[in-house]
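missing the sequence, but the structure's below:
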């Protein structure tokens, strides 16, 4: 049976101002512990030569993949792709906290909540969707960068945005012959040094989307540590970047039915 | 019947329910929940949404607070509020953590140790208020009422704060404004006769932002409007020595030399006049002094400005032409925190003139009525006692153009230190943290040391409370009413969504209780907060409950207003100001070169980040979670010259002090500048989250006031940097 809904995020990168309202809104809405986060804004850093500089912010969270690597490794069946909404969800009653899914996720968007002994991640605020509200991050997005909706509905904001887009980028991850088929669609993602074309997968580009170490500091906080030590640790952490393959879809190559 | 297993979880649920039933006293909900149920905001379980207004900054977004069993669990933007359009920024989203801050001061505190030692004992309200009143009266009787200084960051309960200080008989009123936007306010008053005209981005095609970092110094609706305009294809020219997040979104970034914004704008005016690109009919009909302006700016060519600003003459010329050709769909934004150099007032004047020349009035700029009016009433009160003493902040005797309610705060502090023209002995501070906000922290502490008595009203033990004798715990914005204020055609309400934590009380209650003890009861003729609001609404025949449920009411329309009258002496937009000339100031902006750093020194820049407001939010755990580590920005070549690396601990030294902070080497700043985010480097150990984080620029900033607007020149401090 086909999915009733095909929920997806569409993120207009040109409109993200890295204000982090989405991050705080998510933390409050979902009671995310202070030392964890469910969503991130990746900062590409200052690019270019003075004074022709640029800087891009890329919001991300669980991509609610159509082929999620996390569900395959889940030994308890807690992590599943919801057959109705298409969202990738965690049944925390069933989760045993083994952490295999955390390792399997190529986007690094899952964490183990040590206090509860379960895995947690973005659930697209399913509790809000049920009562007709947008996810907290989308509802409060000051730059109107984040959109969310049903791609099965041709009139949804996300369908319309994709239809009108001049370029659409997804951060696909290819392993073996399988593609994650993520459900975050990026608009206006600039072609920068860290996102370049490759010929291995049609129009494939390469991008870095690290787990941003700044947002996963320990609950104790970095300020308790002596500054030089902290500096060394943070500097090191910034080097930890995973490389993923992204597939750039040009207009007309839509993977959804209108 | 299935056997019921009492698991630990179920047991906890049961005992929790029993405990809360007991706590609310035989199921009678506390007053806030009772009222919210009565108007229909909350259901029988005490859950639902209550409309109110944010106070995480001064923009006042409309909020819908989600309450579950009398606890606020989430804040949403109110889609019907023109300042939020349903969205809240990071600070707005984090607001409930201010209320639930584990460091909240929940009972009045009376100092027992030395000042600044942080030793206080909790006290009942009666004792604390009696002590405050006793000390205030002692100062009044010994030195006169003017020896008592009052300061507060502008907020909705300001009318009652003003009653307290003017009823007491003191002229000494400090606000935060001279540390922020005096230059802009006074320039707008001179040119347009209003503090700040409204802006409209609906049809905007061309925007010049002079240091208005709208994506980091966020005013929610305006920031969204900007992003909408950019998305539509509007061109944005952004002038700033830093490549901020706004620069990243702008079409063109002009990192001109700090202090030369005036030269840049004078040259734009020069181009528009020399090439006759102005709106002649608008100028003839609505402005005064065009001919004088034209001859005054004749020498300010783009080539002249290029040598000062470092921008190409052709770029300046092109921007001038583009701006004029986009008019009337063009706007030169007057900025917000505009106090950068002692020439900031003429800079702001030049911006107001640039707008007037292209006739964008009624298209991108509109009249703004400020906070008065709306037909609201107020409780009756007697006339204020006559005050004969001069104000310590030099208004108006030294600063004739600065409005009394705005003042020159740093001058107030300096006069206290100097004891001139007279000595002050007491300081009443509300919702303000001058120990961190005023430049030259040591001098502020010196002023404190001259005080017989200091009392601070706040929700937290901020740095100022830390050095006070009494701290009075205020209810947070989610726990109290504030007086109503009209916004356009509507009146929105700030109302409590939960009971105050601990013994915290609203400002309206605190000021009234204190007023009664000071013999000023006639200035506070309301029984409680709701009564105050009812008296405000009485002339409009509107029931408070109606307002409580919807969060706002529509005001009856005033009919057609004339948008083309200005409250200036001439009734026109004054390009030339006879009033300025009458006080021996330049009637038309004239180039003035502000001081420059000596060799080896840097401009010390300040600014904003989207995750904090000024000096009051750094203890918020949710904002702390997502804030950047506050470091000193320095350009790569400057760092290399000094042998400094990213994350080095550096010592930053100005003429008056030095701080140590980690270095951030970034190409997002000019080589002759360094930048430090303000609001860090707290002294109060009562702020357990914020204490020990970063450094405070108030330890480095030298006090300079722009001679016309009194604005503190916040970028005019120069520093040297070396490895610590």
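The structure has been received and is ready for your questions. All of these numbers come straight from a predicted model, not from anything done at the bench.

any residues touching stretch B:161-170, and which ones?
B:136, B:140, B:144-150, B:152, B:172-173, B:381, B:384-385, B:387, B:405, B:428, B:430, B:507, B:511, B:514-515, B:518, B:520, B:523-524 (CB atoms under 8 Å, 6 or more residues apart in numbering or on different chains). Bear in mind the C-beta positions are built from the backbone N, C-alpha and C, glycine included.

Narrow these to just the buried residues.
For the contacts of stretch B:161-170, a neighbour count by 16 or more other CB atoms under 10 Å in any protein chain shown gives the buried set as B:136, B:140, B:144-150, B:152, B:172-173, B:387, B:428, B:430, B:507, B:511, B:514-515, B:518, B:520, B:523-524.

Among the contacts of stretch B:161-170, name the ones in helices.
Among those, the ones falling in helices (DSSP state H) are B:136, B:140, B:507, B:511, B:514-515.

Tell me how many other residues crowd residue B:432.
Using other CB atoms under 10 Å in any protein chain shown, residue B:432 is surrounded by 26 other residues.

hang on, I meant residue B:325
13.

residues in contact with it?
Contacts of residue B:325 (CB under 8 Å, 6+ apart): residue B:277.

Kindly recompute the last result at 10 Å.
Residue B:325 makes contacts with B:205-206, B:277, B:358, as judged by CB atoms under 10 Å, 6 or more residues apart in numbering or on different chains.

Repeat that for residue B:641.
B:600, B:634-635, B:671.

filter these by proximity to chain A?
When contact is defined as CB under 10 Å from any CB of the partner chain, the contacts of residue B:641 meet chain A at B:635, B:671.

which pair in the contacts of residue B:641 spans the largest distance?
Across the contacts of residue B:641, no pair lies farther apart than B:600 and B:635, at 14.4 Å, counting by CB to CB.

Which one's more surrounded, those two?
More crowded of residue B:600 and residue B:635, by other CB under 10 Å: residue B:635, with 20 against 11.

Look up how far residue B:38 lies from the residue nearest to residue B:203 when sequence neighbours are not counted.
Leaving aside its chain neighbours, residue B:203 sits nearest to residue B:329 (5.1 Å; criterion: CB to CB, 6 or more residues apart in numbering or on different chains). Residue B:329 is 49 Å from residue B:38, where distance means CB to CB, to the nearest Å.

So these two - more neighbours on which side?
Neighbours per residue, other CB under 10 Å: of residue B:329 and residue B:38, the larger number sits with residue B:329, 18 against 12.

Which phi and psi values does the more buried one adopt?
With angles defined as degrees, to the nearest 10, residue B:329 sits at phi -90, psi 30.

Quick check: it touching residue B:362?
No - the criterion here is CB atoms under 10 Å, and residue B:329 misses it with residue B:362 at 11.7 Å.

quick one: common contacting residues for those two?
Contacts common to residue B:329 and residue B:362, judged by CB under 10 Å, 6+ apart, are absent.

does residue B:37 sit in a helix, a strand or a coil?
helix (DSSP: H, G, I helix; E, B strand; the rest coil).

Spit out the contact partners of it.
By CB under 10 Å, 6+ apart, the neighbours of residue B:37 are B:29, B:43-46, B:48.

What's the end-to-end length of stretch A:85-104?
One end of stretch A:85-104 to the other measures 22 Å (CA to CA, to the nearest Å).

make that stretch B:647-664, sorry
End-to-end for stretch B:647-664, by CA to CA: 6 Å.

Looking at it now, give me its mean pLDDT.
Average pLDDT, stretch B:647-664: 98.

That stretch vs chain A: in contact?
Yes - using CB under 10 Å from any CB, stretch B:647-664 reaches chain A at B:647-649, B:660-663.

Can you flag which of those belong to strands?
If you go by DSSP state E, the residues of stretch B:647-664 next to chain A have B:649, B:660-663 in strands.

Now tabulate the residues you listed in CSV and tack on distance to residue B:349 and neighbour count.
As requested, those are exported to CSV (distance: CB to CB, whole Å; neighbours: other CB atoms under 10 Å in any protein chain shown):
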residue, distance to residue B:349, neighbour count
B:649, 42, 17
B:660, 39, 13
B:661, 35, 25
B:662, 39, 21
B:663, 37, 24
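
what about residue B:285, how many neighbours?
With other CB under 10 Å as criterion, residue B:285 counts 12.

Make sure it is indeed in a helix.
Yes - if the criterion is three-state DSSP, then residue B:285 is within a helix.

can you tell me which residues contact it?
B:279, B:359, B:564, B:572-573.

Buried ones among the residues you listed?
Buried among these (16+ other CB under 10 Å): B:279, B:359, B:572-573.

got TSV for these, with pLDDT, distance to chain A and secondary structure too?
What follows is those, written out as TSV (pLDDT from 0 to 100; distance: CB to the nearest CB, whole Å; DSSP: H, G, I helix; E, B strand; the rest coil):
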residue	pLDDT	distance to chain A	secondary structure
B:279	98	32	coil
B:359	97	31	coil
B:572	98	38	coil
B:573	98	33	strand
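
Tabulate those residues in TSV, adding columns for distance to residue A:181.
Formatted as TSV, the buried ones among the contacts of residue B:285 follow (distance: CB to CB, whole Å):
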residue	distance to residue A:181
B:279	56
B:359	54
B:572	64
B:573	59
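
Report the buried residues of stretch A:94-114.
A:95, A:100-102, A:104-113.

In helices only, show me these.
Short answer: the buried residues of stretch A:94-114 in helices (DSSP H) are A:100-102, A:104.

Residue B:505 and residue B:597, how far apart?
48 Å.

For these two, work out which one has more neighbours and name it.
residue B:505 (22 against 17).

Which residue, other than its chain neighbours, is closest to the more buried one?
Nearest non-adjacent residue to residue B:505 (CB to CB, 6+ apart): residue B:475, at 5.8 Å.

for residue B:331, same thing?
Nearest non-adjacent residue to residue B:331 (CB to CB, 6+ apart): residue B:364, at 4.1 Å.

pretty sure that neighbour contacts residue B:208?
No - between residue B:364 and residue B:208 there is no contact, the gap being 11.2 Å when judged by CB under 10 Å.

Common neighbours of the two, please.
Counting by CB under 10 Å, 6+ apart, the residues touching both residue B:364 and residue B:208 are B:330-333, B:355.

which one of the residues you listed is nearest chain A?
residue B:333 (16.4 Å; CB to the nearest CB).

So in terms of bridging, what pairs with the closest one?
residue B:209 (DSSP bridges).

That one: neighbouring residues, count only.
Residue B:333, neighbours per other CB under 10 Å, totals 23.

roughly how far apart are residue A:27 and chain B?
6 Å (CB to the nearest CB, to the nearest Å).

For my notes, confirm that residue occurs in a helix.
Yes - using three-state DSSP, the secondary structure at residue A:27 is a helix.

so what's residue B:373 closest to, chain neighbours aside?
Using CB to CB, 6+ apart and skipping the chain neighbours, the partner closest in space to residue B:373 is residue B:486 (6.1 Å).

ok, the residue nearest to residue B:331 - contacts?
Residue B:364 neighbours (CB under 10 Å, 6+ apart): B:197-207, B:326-333, B:355, B:358.

buried subset of those?
The neighbour count (16+ other CB under 10 Å) marks B:197, B:199, B:201, B:204-207, B:326-333, B:355, B:358 as buried among the contacts of residue B:364.

quick one, helices of the stretch 101-250 of chain A?
A:126-129, A:136-139, A:157-163, A:227-239 (DSSP state H, counting those that start in this stretch).

Can you name every helix or strand that the one helix or strand the residue nearest to residue B:373 maps to contacts?
Assigning secondary structure by DSSP states H and E places residue B:486 in strand B:485-487. Applying 3 or more CB pairs under 10 Å, 6 or more residues apart in numbering or on different chains; DSSP states H and E, we find strand B:485-487 packed against strand B:490-492.
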